[in-house]
Every structure is written in structure tokens, then in C-alpha cells.
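Colleague: What would the 3D arrangement of this be:
(2 chains, ligands or ions: 1)
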Amino acid sequence: MIWNKEFETLSRESLEKVQLERLQSVVERVYGAVPYYRQKMDDAGVKPSDINTLSDINKLPYTTKEDLRLNYPFGLFTVPMEEVVRVHASSGTTGKPTVVGYTKKDIETWAELMARALACGGADKGDMVHNAYGYGLFTGGLGAHYGAERLGATVIPVSGGNTKRQIMLMQDFGSTVLLCTPSYALNLAENIAEMGIDPAKLKLKVGIFGAEPWSVNMKEEIEKKLNLDAIDIYGLSEVMGPGVSCECIEGKNGLHIFEDHFIPEIIDPESGQPKSIGEMGELVFTTITKEAFPVIRYRTKDLTKLSDEPCACGRTFHRMQRVTGRTDDMLIIRGVNVFPSQIEHVLMSVEGVEPHYQLLVDRKGALDTLEAQVEVSEDIFSDEIKVLEQLSKNIEKEIKDLLGITCKIKLVEPKTIQRSEGKAQRVIDNRKL
Amino acid sequence: MKVEQISIFLENKSGRLADVTEVLAKADINIRALSLADTTDFGILRLIVNDTEKAKRVLKENEFTVGKTEVIAIEVTDKPGGLAQILSIIHKEGLNVEYMYAFLEKHEKKAIIIFRFDDLEKAIEILKNAGIGILKGEHVYSI
Ligand SMILES: [Zn+2]
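Modeller: Numbers count the residues shown, from 1 in each chain, chains lettered A, B, ... in the order given. Take a look at the predicted model:
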């Protein structure tokens, strides 16, 4: 079902007209309201009046996570705080999170786009939506919740955790649509099998999964084990949250980007030069309707390519291929963004010295595991077992407090972590994605 | 009154203890006493040797993490009740023992107990006042 037929099936020509108008308006707004954006545009020698065609977007400077960090927490908001009705936050590259804000209208827009995404993935009005995305600072839970309500479905705001109870509710309430991360979907599937429940007896018909990378193999496994259609949804809090793009149930081949709200670009991550449709590169977004926290040419660091092929579903929006990798070292572990620099930050603050460490990521069953191997230097070494054990525990606790995930600390001997060209390899990801 | 002890961080991998003893043997260092404390992931090897500084240096050169701690050594007659008397004093005085280990003197029928206290100075004073003989470092290094 197409939720907003008028916009989702616009001809390219009409869409580009809408995009240009909205782009001009947002550029004018950030230039007027945010000194930081104005400075960057002045430095690049570009004024809002220079944006006369869509391709003029190339004249605008990029925005990066570093720009967000420098303006922590609210420095890039374009409206006074009394108009901001909600904030969300995701991991930053160091100790501080990345903060985003929404006006009342932004929340409306987000609900509309999330409703579009759910409809795109095959959900409908009468559905019982089991929303197991985490509710809280993470955009997943509330974002999906408002969208499902807008769609007119019944939402079960079950959030994460307590898997056995989730399965009971799924059976008793007759959940038809499952929303969660792909790894949690696999976890649910394994528990359902262990409990001896026949997935065919559940009413699930579709699962809309996102917030972490997953492979085609994993998708097939989930579809088989849960007896549903698995749909890929994409979003990031800096751009809005879930509902930036979504796969359609008819095509199941790439995610339609809601281009009347977001202008996507693919660029060469090294040179920053634009790439053409069909070429792999870094995905960049400009939000053209957001009020509180618009971003101009925000570099997502996600690698993908765009397609302008017509789609069976009738939507005219371009599709992005499922994200296959990142340009940086960010890890997504159980839906949580983790930067090695965050772990490093914790190690520095606990040990007081620059640590030699390596992160090992694995997937045991359905769950991602994270282990940090830390070389024991003389500064942290002690002749007492309990001192070293306490040190590990403190680091584990700090990481849990900061990231909300468990990271096992393993103390290792000096020089056991391989160094290539003098620089340690920080991450070994053994997950078969 | 104090004895220098070196400690070495070891991962629980086979052969690591042998690696340490080999490094020391090559440098012509004698091990007087040894104790290994371990967890599932790692261990701490504690050694008293005849040349602490040299042992530390050669182990560091071989990329071990090495620490130095001061402990005390008490001679106990190798007969029933010898240790019990000392422990009861330690307990009564509220001294905190981080860990301890024992080894035998080769020729005399005596045991030497190594104690690691959290407050070394206080421990020495209390034990001396109780008439417990504390061995000099040189004595232990040359056993
Ligand atoms: Zn489609």
C-alpha cells in the first residue's frame, strides 16, 4: 500500500521542483539562524542566493559528526528551545553523545514518514505492531511507535528485552508486524524454536528490521525461522531517525528514499567529489523539511549506491542499496553505534595512560559480543589479583554506563596485540554478516 | 627487614611460566621462592630471586610486564603450630594480609613464609613487638 500516493509517485520533474524550493528555503534558514553554518558557507564563498538549481547543492560545504560535536548539545538547532518538543541522542565519537531535536511539526513529519515506511514494507491499518525497538534516547522505539499509530495500526510498545514475555505477548495478542533489529529478530526466532512453538502458528506476516547491518543470508534465515517477509528499513538520528528509507514489499530490492524530505547524494569518501547514480560511495543527506535540526549535506559514512530503475511498487523515489559498510571504524553492536574511540576514551580515563587495546566483535548465536583486549602496562599492573580484577570491572562498568552494552575486558600481555606499520589494528570483526 | 619481590603478568597460555624461568636462567639468576596466583584469564607470578634489579631488567627486555613490591619473610619452625602462632597475632592486631606463600629452607628444618601486607611498616612494627623474627632481605636472597 502506498501511504502518500501524491508525493510517493511524483514524476521526477515535479519532485525536483519540490526539492529545489525546499532546499532553497532550508539553506536560507540555517544561514540566518545558525552562526556556525553561516561561517562555513561564508568560508566556502557561497550565499543562499547562489542555490538556483538542484545541482548547486554541490557548492554547499559538507556537515560531519565533528561539526555536531563542536556544537554540542544544541548549537546547530535553528529554532529557539521553547519550540523544541523533544530531543534524542546517539553515540558520539568520544564521551559526549550526538544530540538531535524536533519541533512539533518535525514529530508530525517523522510520524508521516515512518507510516509511509511501514506501509511500504507491507504493514497496514488493522495490523498488530510488535515494536521491540528500544524506547528512550535511541530514535528507534519512539520513531517506529508514532509511525505505527499514524498508520492506524495497534502498537504494542514492548521495547527491548525479556524475550520470553515478548513471545508470550506475540502469541496472545496475535502480533502481525515485528519491528526490531535483525539480530534481535534472530534471537526471538531461536527462543521461539527452543520453546517448541511452531512459527507458522504465530500471526507474524512481516518484519521491518533496521538499525544495524545484516546480510542476505541473515535475512533468509530470519524469514525461514519466523515465517515472515523480512524488510530492510534505514535511518539515522542525525537525519531524522528510522524512516529515511525503506524497502518495499513488492520489490524487496533496495530501499526507497523519501526524497521529498531528504536529498541523497553519493560521493567519493576520499575526495568528496560527487558520484553518479549506480556508483558506490558514501551516502550524504540534506534534510529539506526539518525545522529544529536540519542538516546540510550530512556525511553518513555509510557506503551504498543509488538506483533510478522503475520499481514494481509504483513509487518513483530512487532506491539505495542495503548498506554494505562504513567509511569509518564505527561498529554497530546490537543496534548500538560504537566507536573504538569511545572505548579508548574510557580506557584513558580509567588507566590515565594511552592504552594498547583491540576490540573483538563476534556473533554468538543471535547476539553480538564485544570484547576489549587491553595490554597490561606497568602503570596498571599490580601484584594483587583483586586489583587487576577490580580494574577490569571498573572499565566494564564505565563502558556499560556510556554505551549501554556489555564489553568484556580481557587483560593481555604487552605486545600481544598485532601492530601493522606501527599502528595497532583496533577492531577485529568476526561476525559473518 | 624488607624483602624485594618481583611480580610478572602472565596470560593463561601454556609455556609462559617456562618462558620466564628460561629468561632468568639465561641471565644466571636463581629463583629463591615462587608463587603463582591465577584467574581464568590471567595469572600473576611472584618471585624472590638473588638479583632483583637484574631479573627485572632482563624480563622487561623480553617484554614482560614486571612490578616490584616489598614483602616480609618470617622463619617458622617446621613443626605443628609454628604458623598458627604467627597468624593469630596477625589476626588479633587486625593486620591485613594481601597474600602469603611459603617455601622450605634446604638445610635447616625451617619454613619461610612470605607475607604481603597492605601496610608494611605497621606490620613490621607489630610483629617485632610480638617477638617474631623477621628475616633480612640479604638472608632470603642468598638461601
Ligand atoms: Zn518499490
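
Colleague: and the closest residue to A:D429 other than its chain neighbours, what pLDDT?
Modeller: Closest residue to A:D429 apart from its sequence neighbours, by CB to CB, 6 or more residues apart in numbering or on different chains: A:V361 at 4.5 Å. For glycine as for every other residue, the C-beta is placed from the backbone atoms N, C-alpha and C. Confidence at A:V361, expressed as pLDDT, is 93.

Colleague: next one: A:S420
Modeller: 51.

Colleague: got the domain boundaries for chain A?
Modeller: Domains of chain A are assigned by automatic domain parsing as A:1-324, A:331-432.

Colleague: can you check chain B too?
Modeller: According to automatic domain parsing, the ranges for chain B are B:2-70, B:71-142.

Colleague: Convert the C-alpha atoms of stretch B:23-39 to PDB, please.
Modeller: Output of stretch B:23-39 as PDB, limited to C-alpha atoms (Å, rounded to 0.1, in the frame of the first residue of the first chain):
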ATOM      1  CA  VAL B  23      64.900 -15.900  30.600                       C
ATOM      2  CA  LEU B  24      66.100 -15.900  34.200                       C
ATOM      3  CA  ALA B  25      68.200 -19.000  33.800                       C
ATOM      4  CA  LYS B  26      70.000 -17.500  30.700                       C
ATOM      5  CA  ALA B  27      70.800 -14.400  32.800                       C
ATOM      6  CA  ASP B  28      72.200 -16.600  35.500                       C
ATOM      7  CA  ILE B  29      69.600 -15.600  38.100                       C
ATOM      8  CA  ASN B  30      68.500 -18.000  40.800                       C
ATOM      9  CA  ILE B  31      64.900 -18.200  41.900                       C
ATOM     10  CA  ARG B  32      64.600 -18.400  45.700                       C
ATOM     11  CA  ALA B  33      60.800 -18.600  46.100                       C
ATOM     12  CA  LEU B  34      57.900 -18.700  43.700                       C
ATOM     13  CA  SER B  35      54.200 -18.400  43.800                       C
ATOM     14  CA  LEU B  36      51.600 -18.200  41.000                       C
ATOM     15  CA  ALA B  37      48.100 -16.800  41.500                       C
ATOM     16  CA  ASP B  38      45.700 -17.100  38.700                       C
ATOM     17  CA  THR B  39      42.200 -16.500  37.400                       C
END
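
Colleague: how about it: buried residues?
Modeller: Going by neighbour count (16 or more other CB atoms under 10 Å in any protein chain shown), the buried part of stretch B:23-39 is B:23-24, B:27, B:29, B:32-33, B:35, B:37.

Colleague: Go through these and flag which are in helices.
Modeller: Taking DSSP state H, the ones among the buried residues of stretch B:23-39 that sit in helices are B:23-24.

Colleague: List the contacts of the closest residue in space to A:H88 that isn't next to it in sequence.
Modeller: Leaving out its chain neighbours, the residue that sits closest to A:H88 by CB to CB, 6+ apart is A:T139, at 4.8 Å. Shown in contact with A:T139 (CB atoms under 8 Å, 6 or more residues apart in numbering or on different chains): A:88, A:90, A:100, A:235, A:237, A:240-242.

Colleague: Go through stretch A:243-255 and flag the buried ones.
Modeller: For stretch A:243-255, by 16+ other CB under 10 Å, it's A:243-249, A:251-252, A:254-255.

Colleague: Other residues contacting that stretch?
Modeller: A:110, A:113-114, A:116-118, A:120-122, A:143, A:147, A:206, A:208, A:229, A:231-236, A:256-258, A:262, A:285, A:307, A:311-313, A:315, A:319-322.

Colleague: do that again at 6 Å, thanks
Modeller: Residues outside stretch A:243-255 that contact it (CB atoms under 6 Å, 6 or more residues apart in numbering or on different chains) are A:113-114, A:117, A:120-122, A:231-235, A:256-257, A:262, A:307, A:311-313, A:319-321.

Colleague: Now intersect those residues with the strands, please.
Modeller: Among those, the members falling in strands (DSSP state E) are A:231-235, A:256-257, A:262, A:307, A:319-320.

Colleague: Settle this for me: A:L331 is touching A:F339, isn't it.
Modeller: No: assessed by CB atoms under 6 Å, A:L331 is found out of contact with A:F339, at 7.6 Å.

Colleague: Those two: which is more packed in?
Modeller: A:L331 (24 against 20; other CB atoms under 10 Å in any protein chain shown).

Colleague: what about B:K106, how many neighbours?
Modeller: For B:K106, using other CB under 10 Å, the count is 7.

Colleague: pLDDT at the residue nearest to it when sequence neighbours are not counted, what is it?
Modeller: Leaving aside its chain neighbours, B:K106 sits nearest to B:I143 (7.1 Å; criterion: CB to CB, 6+ apart). pLDDT, B:I143: 74.

Colleague: Grab the most central residue of chain B for me.
Modeller: A centroid search over chain B (CA atoms, centre = their mean) returns B:I114, at 4.8 Å, as the residue closest to the centre.

Colleague: in the stretch of helix or strand it belongs to, what counts as buried?
Modeller: Assigned by DSSP states H and E, B:I114 belongs to strand B:110-117. Of the residues in strand B:110-117, those buried under the neighbour-count criterion (16+ other CB under 10 Å) are B:111-117.

Colleague: Can you show me the helices along chain B?
Modeller: Under DSSP H, chain B gives helices at B:16-26, B:52-61, B:82-92, B:120-129, B:137-141.

Colleague: So which residues of the stretch 301-433 of chain A form strands?
Modeller: With DSSP state E, counting those that start in this stretch as the criterion, the stretch 301-433 of chain A has strands at A:306-307, A:319-320, A:325-326, A:331-333, A:336-338, A:357-364, A:367-375, A:408-412, A:419-420, A:423-424, A:427-429.

Colleague: picking up where we left off before, and which of the contacts of A:T139 is nearest to chain B?
Modeller: A:S90 (32.1 Å; CB to the nearest CB).

Colleague: contacting residues for the nearest residue to the closest one once chain neighbours are set aside?
Modeller: Distances taken as CB to CB, 6+ apart put A:S237 closest to A:S90, at 4.5 Å, once the chain neighbours are dropped. Listed by CB under 6 Å, 6+ apart, the contact partners of A:S237 are A:88, A:90, A:100, A:139.

Colleague: repeat that with 10 Å
Modeller: A:87-91, A:97-100, A:137-140, A:143, A:293, A:337 (CB atoms under 10 Å, 6 or more residues apart in numbering or on different chains).
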